[in-house]
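Student: Here you go, sequence then predicted model.
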Amino acid sequence: APAAARLCSGAGGEAAAAGGDGALLRHLCRKVRASGPVTVAEYMREALTNPAQGYYTRRGGIGESGDFITSPEISQVFGELIGIWYISEWMAMGKPNTFQLVELGPGRGTLTEDILRVFNQLSSVLSKCDVSVHLVEVSPKLGEIQARMLTGGKVQPSPGDESAYMKGISKTGIPIFWYRDIQDVPSGYSFYLAHEFFDALPIHKFQRTEKGWREVLVDIDPEAPDQLRFVLSPSSTPATENFIQPEETRDHVEVCPEAGVIIQRLACRIEKDGGAALVADYGHDGTKTDTFRGFRNHKLHDVLSAPGTADLTADVDFSYLRKMTQERTTTLGPIKQREFLKNMGIDLRLQVLLQNSRDTATREQLLHSYDMLMNPENMGDCFNFFALLPHHRLLHPGKKDKPESRSPLPPVAGFNELLLK
Ligand code: SAH
């Protein structure tokens, strides 16, 4: 997942139990000895989500005392504005009488909590709408933290014949379900959310050489048998054949096929059942090269050292996501976080909160968190918002008959200024 903000959070807390017993490193070394160097994607998958030793499975250190901090953990305003985005899209799409809110990689559950608070505050608007929440989370540890945050711990494991592995009721009375995979989430009109999710998915890395493209692999360092190092594949690999575009101009490229598969699924579902997806992450539009990095205790961490004890991340390539929608949906963005939040009315929201807070400490905290989210030097510029919407959300179907007689479609909030009607 996580982020530049991790760079900003100074001292940070004590590193939690580092889990540095080296079990994952030994497991990876055994694998390399048995069948040769592994791809960066395989290394990243093991380091983050190995069922016994992965970083998210065991630690998932989000928050001030963890390894990195994310926008929803910085300010409640972030999640509130995203909640308003969904309501505004729900209204623009004609207020369907039911929708699912589907979040990928909910972390500690803070973002969902803030969104549900907005839904509750606007319950008069949503009154006739049947809302349910569906969380896609691989880490049992984070699933537990989400359950505590959102339901006060009142959850039950689902019977084996249901696709959810756990279910509960939010403090505001909305049913919540947990899944390991997006494919397990029931079909239906859905609003999808992925905040700092795609950057946690495994990437392949490629290097252009005089002999053509080679894949970067992870091998054991011959000089230090308990250390890993990067090597280049001696010849091309299936991934170099499949993932490098003939027109590629960069010399080093990262590709995240799993992100492509998930975006494709979201696009298919939105095309078929309706809804929208909001993706927020740091990333680029197909221009950056080497962005793979690690974070531990709010500091940069060598990606190959002590796997499983640090968060690993790579910038999201939005141009690749756009391509993988295969034009099943319209895409908007990426636009910078500070532009999106400004369009969503963050300045007005800040003014209201400042007026309502009496003590200086709270005011200072509000101004500080605003600066973290909005300042280009913090998260304002490097984070982006990107959306998938059904084509008909932006374009009247069948444009042949008298387009001038139709009412104009409302602009999409966030990507344009928010119109409150
Ligand atoms: N959205 C949260 C958390 C980001 S951390 C926030 O912004 O604070 C990334 C999240 O994705 C974690 O919850 C992690 O456990 C989850 N995750 C990572 N890989 C996953 C995968 N393959 N499938 C589902 N969830 C995954």
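Tutor: Sure, I can see it.
Student: which bits of this protein sit near the ligand?
Tutor: Within the chain, the positions near the ligand by C-beta under 6 Å from any ligand atom are 1-2, 48-49, 56, 60, 62, 70, 72-73, 105-107, 111, 136-139, 142, 195-197, 200. No exception for glycine: its C-beta is placed from N, CA and C like everyone else's.
Student: How about Lys128: what's its closest non-neighbour residue?
Tutor: Asn97 (6.2 Å; C-beta to C-beta, 6 or more residues apart in numbering).
Student: cool, Ala23 as well?
Tutor: Gln53 (5.3 Å).
Student: Report the separation between that neighbour and Arg59.
Tutor: Distance check for Gln53 against Arg59: by C-beta to C-beta, to the nearest Å, it reads 10 Å.
Student: Also Leu332?
Tutor: 34 Å.
Student: Between these two, point out the one with more neighbours.
Tutor: Arg59 (23 against 20; other C-beta atoms under 10 Å).
Student: Distance check, that one against Gly143.
Tutor: Taking C-beta to C-beta, one finds Arg59 at 14 Å from Gly143.
Student: Likewise for Arg117?
Tutor: Arg117 is 21 Å from Gly143, by C-beta to C-beta.
Student: So between the two, which is more surrounded?
Tutor: Neighbours were counted for Arg117 and for Gly143 using other C-beta under 10 Å; Gly143 has more, 21 against 17.
Student: I figured that one hits Glu137, correct?
Tutor: Yes - applying C-beta atoms under 8 Å, one finds Gly143 in contact with Glu137, separated by 4.8 Å.
Student: Now the common contact residues for those two.
Tutor: Trp178 (C-beta atoms under 8 Å, 6 or more residues apart in numbering).
Student: Give me the number of neighbouring residues for the residue of the stretch 251-400 of the chain found nearest the ligand.
Tutor: Relative to the ligand, the nearest point of the stretch 251-400 of the chain is Glu258 (7.0 Å; C-beta to the nearest ligand atom). Using other C-beta under 10 Å, Glu258 has 17 other residues around it.
Student: so it touches Ala200, yeah?
Tutor: No - when contacts are counted by C-beta under 8 Å, Glu258 is not listed as touching Ala200 (9.9 Å).
Student: looking at it, the residue nearest to Lys128 is touching Ser127, isn't it?
Tutor: No - using C-beta under 8 Å, Asn97 is not in contact with Ser127, being 10.8 Å away.
Student: where do the contact lists of those two overlap?
Tutor: By C-beta under 8 Å, 6+ apart, no residue touches both Asn97 and Ser127.
Student: Looking at strand pairing, list the partners for Phe230.
Tutor: Per DSSP bridges, the residues bridged to Phe230 are Val218.
Student: give the contact list for it.
Tutor: Phe230 neighbours (C-beta under 8 Å, 6+ apart): 40, 216-219, 304.
Student: just Arg214 next, same as before
Tutor: 206-208, 232-237, 240.
Student: Report the backbone C-alpha coordinates of stretch 384-398 in CSV.
Tutor: Extracted in CSV, the C-alpha atoms of stretch 384-398 (Å, rounded to 0.1, in the frame of the first residue of the first chain):
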residue,chain,number,x,y,z
ASN,A,384,-4.1,10.7,-7.4
PHE,A,385,-7.7,9.9,-7.8
PHE,A,386,-9.0,7.8,-10.7
ALA,A,387,-12.5,6.6,-11.4
LEU,A,388,-14.4,4.1,-13.5
LEU,A,389,-17.9,5.0,-14.5
PRO,A,390,-20.5,3.4,-16.9
HIS,A,391,-20.3,5.1,-20.3
HIS,A,392,-23.8,6.4,-19.9
ARG,A,393,-22.9,8.4,-16.9
LEU,A,394,-21.0,10.8,-19.1
LEU,A,395,-22.6,10.3,-22.4
HIS,A,396,-26.3,10.0,-23.3
PRO,A,397,-26.8,6.7,-25.1
GLY,A,398,-27.8,6.9,-28.8
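Student: Give me the buried positions along that stretch.
Tutor: 384-390, 393 (16 or more other C-beta atoms under 10 Å).
Student: again with stretch 167-177
Tutor: 167-168, 170, 174-177.
Student: Can you give the distance of it from its chain's centre?
Tutor: In terms of C-alpha atoms, centre = their mean, to the nearest Å, the centre of stretch 167-177 is set 22 Å apart from its chain centre.
Student: Residues in contact with that stretch: which ones?
Tutor: So stretch 167-177 is contacted by 116-117, 119-120, 131-135, 147, 150-152, 154-156, 158, 164, 166, 178, 185 (C-beta under 8 Å, 6+ apart).
Student: In helices only, show me the contacts of Arg214.
Tutor: Among the contacts of Arg214, the members found in helices (DSSP state H) are Thr240.
Student: closest to Tyr86 among the contacts of Arg214?
Tutor: Closest approach to Tyr86 among the contacts of Arg214 (C-beta to C-beta): Phe206, at 37.0 Å.
Student: Spatially nearest residue to that closest one (excluding sequence neighbours)?
Tutor: Val253 (4.7 Å).
Student: which of the residues in stretch 33-42 are buried?
Tutor: So for stretch 33-42, counting by 16+ other C-beta under 10 Å, buried means 37-42.
Student: ok, now stretch 97-104?
Tutor: 99-104.
Student: Any chance of CSV for those, columns pLDDT, distance to Phe292 and secondary structure?
Tutor: Listed next are the buried residues of stretch 97-104 as CSV, based on pLDDT from 0 to 100; distance: C-beta to C-beta, whole Å; DSSP: H, G, I helix; E, B strand; the rest coil:
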residue, pLDDT, distance to Phe292, secondary structure
Phe99, 98, 36, strand
Gln100, 98, 33, strand
Leu101, 98, 31, strand
Val102, 98, 28, strand
Glu103, 98, 25, strand
Leu104, 98, 21, strand
